[in-house]
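J.: fold the following, please.
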Amino acid sequence: MTITARRLARSVGRHLAGVAYAICIAALWAGFGGSETARLLRSGFRALDPELVLDVCAGLVVLGVGVRLAPVSTRAALVARGRSWGRRVRVPGASTHVVLAMVVAVAAVFRLALGLANHTPKVLGDELIYTGLGKGWALHAQPLLRGSRDVGQSIFYPLLLAPAFRFSHDGASALVAVRALDAVVIALAAIPAFVFARRVLPRRWAVGVAALSVSAPWTAYSALTLTESLFYPVFVTYAAVLTWALARPTVGRQVLLLATLAVLVGVRAQALAVAVGTVAAIVLLGALEAGVLVALRRFALTLVTFALVLAIGIGASAAGISVPTSAYNPVFDSVTRVAGMLKWGIWNMADFELALGVTMLAATPVALHGMLRRGATHATRAAGAVTLTLGLSLLASVALLSTSPYGLHRLHERNLFFVTPLLLTCFAHWLWSGLRRPLWLSGAAAVAAVALAATLGGGIVSHSNNVDAPAATFFTALEAQIPDVPVRVWIVLLAGLGAATFLAAKRPIFPILTVVLAFTAITSQIDHRDDLTATQARALAWVDHSLPSGAEATLVHLGLAYSTAPCAAAASAEEQDLAVWTEFFNTRIDAVAHVYEPNPRDGLASRELTVGHGGLILDKGKPFQPTYLVIDSRQPIVGTRLHRFDLSTIHSQYQNGASMTLWRVDPPLRFYSRPEPLPARADGRPC
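T.: Numbering: from 1, shown residues only. Okay, here's the model as predicted:
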């Protein structure tokens with residue numbers, strides 16, 4: 001299928017027009033996130049426990065066996081009925097854009113309804129990094145993080161957040177807008193997913209791929225302030241553009257490809273692996289068609305640009321110059337640990353296989369075999385090559401992360417799920433093509449699927465969490481409900497069911513159900529809500545409410561062992577949390593520093609201050625002179641107290657005495673002498 005630039009522009013324009021509908025609905029829903037409908041939606045998903053999922057699996061097995069054992073005439077009637085239904089639900093070309101807009105709208109509203117139940121940061125310090133950079137862009141038009149310029153992190157995701165912080169009256173309101181932005185942006189992945197799938201599939205199948213792409217459980221990351229929300233649609237867009245460019249690599253198409261990749265790298269450093277996958281896709285498709293050398297010559301512009309950027313990056317790194325993605329350079333220190341990368345690659349692929357319902361990944365080798373065969377169209381081959389190479393490059397990046405100390409010895413679906421629409425396209429192509437199963441390849445794929453799942457032990461599953469590996473959370477919950485059965489038994493059992501479905505299914509319905517069931521089961525275990533209401537969250541923006549117009553404040557963490565009283569440990573932990581939340585919920589915290597010790601809760605570096613003679617506070621030996629200061633209420637300073645905030649005033653759960661005070665400083669900053677030892681509780685009340 002050949003797509004001209006004019007047709008592509010027309011198509012994109014219609015899609016974007018339809019998305020206006022989605023944005024309007026999502027924006028309206030933002031005002032009703034605490035409504036009864038949203039609460040019922042959240043409660044419904046939390047009611048889907050692992051045992052219920054197993055019951056549904058058993059029911060599907062019984063249904064499938066029953067259909068297989070039914071008389072031939074009955075099966076023929078069912079098939080005829082299914083075909084009749086399929087004809088009725090065909091998606092006409094004129095209505096495709098409306099259907100896609102509805103898919104985007106429903107996905108955005110669903111994610112926003114669930115996401116607005118989350119208020120506090122869950123992934124530290126990532127969420128503080130991106131909100132901090134967003135505030136820096138909003139207030140100072142540059143990437144400032146805690147008062148210092150930082151270009152080694154994401155560029156485009158903080159820029160996406162910046163308008164929310166620029167135009168909201170406080171940080172809490174800005175975070176609500178951020179949730180809405182993230183929900184809409186991650187739902188927009190349906191459009192490039194449709195475009196990618198449409199290269200090789202009929203319209204209704206492509207719409208199905210788009211719908212499943214934004215129904216995946218990992219869209220729950222829109223409830224967190226993370227780059228995943230933006231990287232997902234941009235990655236799928238890049239895959240669609242790469243497939244288009246492989247068909248005819250004109251200069252214009254290669255320029256668009258490079259521009260999209262630049263945006264992708266600017267969103268998330270993991271896109272460097274995508275560049276490697278791009279070269280592999282060019283080589284693979286060349287080997288299948290015109291020849292590798294011919295393909296390399298046709299993509300000379302792209303490859304020369306890659307080489308120049310690589311040389312510049314290596315030179316900048318050697319010179320100690322910070323460039324975008326340089327914050328992740330230490331991860332590459334583990335690239336020589338081949339055995340570790342292989343082990344973690346297998347484990348991450350096994351975990352991802354379970355998250356996809358097993359059947360899809362078991363069918364992938366067979367689907368790719370059909371898409372890359374000699375008789376396939378060029379568009380089909382290109383889509384297969386892109387899926388294979390980009391999928392393997394992302395898997396390699398995840399294996400590298402898990403092997404490094406920064407991976408914390410955990411599974412990382414969070415870094416791998418972006419390839420889901422590509423795998424869904426291959427899966428749908430296999431279903432649409434008649435579920436072809438070459439004997440030896442199908443048998444090997446089914447056995448490999450079960451063997452892959454069997455490599456996952458209970459230890460590695462239980463060590464993961466519902467942010468990095470939501471599928472592992474499902475099995476952890478299952479073990480908690482049925483402790484007599486080891487996790488590995490459940491994993492192998494469900495993998496066996498998925499493999500059997502792949503081998504035995506005669507119609508697409510049962511393979512599709514395995515995907516839907518897996519997505520639903522994992523979604524039911526992802527719960528990022530907290531106990532705060534929207535009103536209580538707004539109260540945490542107390543610094544923004546108390547500062548004079550246009551002013552900014554510095555937050556100083558007082559890192560000191562406060563007391564040996566029985567309540568001291570809990571009081572200290574709550575005080576550290578309050579410091580994190582004060583930074584997170586207030587736009588006009590312009591810098592963060594610490595005295596004695598940094599805050600162990602936030603996971604970020606902060607400026608170190610020292611106490612000099614007479615209580616004078618020094619920054620690298622020079623007097624520290626902020627205009628406004630936020631600090632633990634136990635530490636008086638020379639200045640005027642503007643506002644004191646006690647955490648206990650907003651929620652009965654927080655009763656350990658956390659308290660912070662906003663001061664106008666009489667510069668330079670000086671501490672008054674304090675009682676020794678400090679009281680255990682910052683609000684001054686006894687234990």
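
J.: and the contacts of stretch 631-645?
T.: Contacts with stretch 631-645, where a contact means CB atoms under 8 Å, 6 or more residues apart in numbering, come from 542-543, 546-547, 555-558, 562, 575, 578, 582, 615, 628-629, 646, 659-666, 669-672, 674, 678-679, 682-684. C-beta: built from backbone N, CA, C; applies to glycine.

J.: could you pick out the buried ones from these?
T.: If you count burial by 16 or more other CB atoms under 10 Å, the buried members of the contacts of stretch 631-645 come out as 542-543, 546-547, 555-558, 562, 575, 578, 582, 615, 628-629, 646, 659-665, 669-671, 678-679, 682-683.

J.: re the thing from before, just the contacts of stretch 631-645: which are in helices?
T.: When these are checked against helices using DSSP state H, the ones located there are 542, 543, 546, 575, 578, 582.

J.: quick one: contacts for the residue lying closest to residue 202 once chain neighbours are set aside?
T.: Among residues not flanking residue 202 along the chain, residue 432 sits closest, at 7.0 Å (CB to CB, 6 or more residues apart in numbering). Counting by CB under 8 Å, 6+ apart, residue 432 touches 201, 202, 205, 508.

J.: cool, residue 178 as well?
T.: Listed by CB under 8 Å, 6+ apart, the contact partners of residue 178 are 131, 134, 161, 164, 225.

J.: my read: the fourth one touches residue 134, true?
T.: Translated: residue 164. Yes - the criterion here is CB atoms under 8 Å, and residue 164 meets it with residue 134 at 7.2 Å.

J.: when these two are compared, which one has more neighbours?
T.: Each of residue 164 and residue 134 had its neighbours counted (other CB atoms under 10 Å), and the higher figure belongs to residue 134 (27 against 24).

J.: list the contacts for the most centrally placed residue in the chain?
T.: Of all residues in the chain, the one closest to the mean position by CA atoms, centre = their mean is residue 228, 3.1 Å from it. By CB under 8 Å, 6+ apart, the contact set of residue 228 is 186, 218, 221, 414.

J.: try 10 Å
T.: 126, 157, 182, 186, 218-222, 235, 267-268, 414-415, 417-418, 467 (CB atoms under 10 Å, 6 or more residues apart in numbering).

J.: repeat that for residue 363.
T.: Counting by CB under 10 Å, 6+ apart, residue 363 makes contact with 356, 423, 426-427, 429-431, 435, 437, 442, 445-446, 449, 498-499, 501-503, 505, 511.

J.: same check, this time on residue 490
T.: Counting by CB under 10 Å, 6+ apart, residue 490 makes contact with 50, 54, 354, 453, 458, 461, 474, 475, 478, 479, 482.

J.: same check, this time on residue 303
T.: Taking CB under 10 Å, 6+ apart as the definition of contact, the neighbours of residue 303 are 254, 278, 279, 282, 295, 296, 297.

J.: so which of the residues you listed are in strands?
T.: Of the contacts of residue 303, none are assigned to strands by DSSP state E.

J.: got a markdown table for those residues, with pLDDT, neighbour count and distance to residue 591 too?
T.: What follows is the contacts of residue 303, written out as a markdown table (pLDDT from 0 to 100; neighbours: other CB atoms under 10 Å; distance: CB to CB, whole Å):
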| residue | pLDDT | neighbour count | distance to residue 591 |
| --- | --- | --- | --- |
| 254 | 96 | 19 | 43 |
| 278 | 96 | 26 | 40 |
| 279 | 96 | 16 | 42 |
| 282 | 96 | 23 | 46 |
| 295 | 90 | 21 | 51 |
| 296 | 93 | 15 | 50 |
| 297 | 93 | 13 | 52 |
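
J.: now the two most distant members of these.
T.: Every pair in the contacts of residue 303 was compared (CB to CB); the two farthest apart turn out to be 278 and 297, at 16.0 Å.

J.: report back the residue of this protein that's furthest from centre.
T.: Within the chain, counting by CA atoms, centre = their mean, residue 614 lies farthest from the centre, at 48.7 Å.

J.: ok, now which ones touch that one?
T.: Counted by CB under 10 Å, 6+ apart, residue 614 has contacts 670, 671, 673.

J.: what residues are up against the last one?
T.: By that I understand residue 673. For residue 673, the set of contacting residues under the criterion of CB under 10 Å, 6+ apart consists of 614, 615, 636.

J.: just put those in TSV and tack on distance to residue 115 and pLDDT.
T.: Formatted as TSV, the entries for those read as follows, by distance: CB to CB, whole Å; pLDDT from 0 to 100:
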residue	distance to residue 115	pLDDT
614	49	86
615	45	90
636	40	91
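
J.: of these, closest to residue 312?
T.: Closest approach to residue 312 among these (CB to CB): residue 615, at 48.5 Å.

J.: and the closest one, how close does it get to residue 672?
T.: Taken as CB to CB, to the nearest Å, the spacing of residue 615 relative to residue 672 amounts to 7 Å.

J.: same check, this time on residue 603
T.: Between residue 603 and residue 672 the distance is 31 Å, computed by CB to CB.

J.: and for residue 112?
T.: If you measure residue 112 against residue 672 using CB to CB, the figure is 47 Å.

J.: straight-line length of stretch 261-277, end to end?
T.: The straight-line separation of the ends of stretch 261-277 (CA to CA, to the nearest Å) is 12 Å.

J.: with stretch 622-632 instead?
T.: Stretch 622-632 stretches 22 Å from its first residue to its last (CA to CA).

J.: got the buried residues for it?
T.: By neighbour count with 16+ other CB under 10 Å, stretch 622-632 contains the buried residues 624, 626, 628, 629, 630, 631, 632.

J.: and those residues, which is closest to residue 523?
T.: Here the nearest of the buried residues of stretch 622-632 to residue 523, counting by CB to CB, is residue 630; it sits at 38.3 Å.
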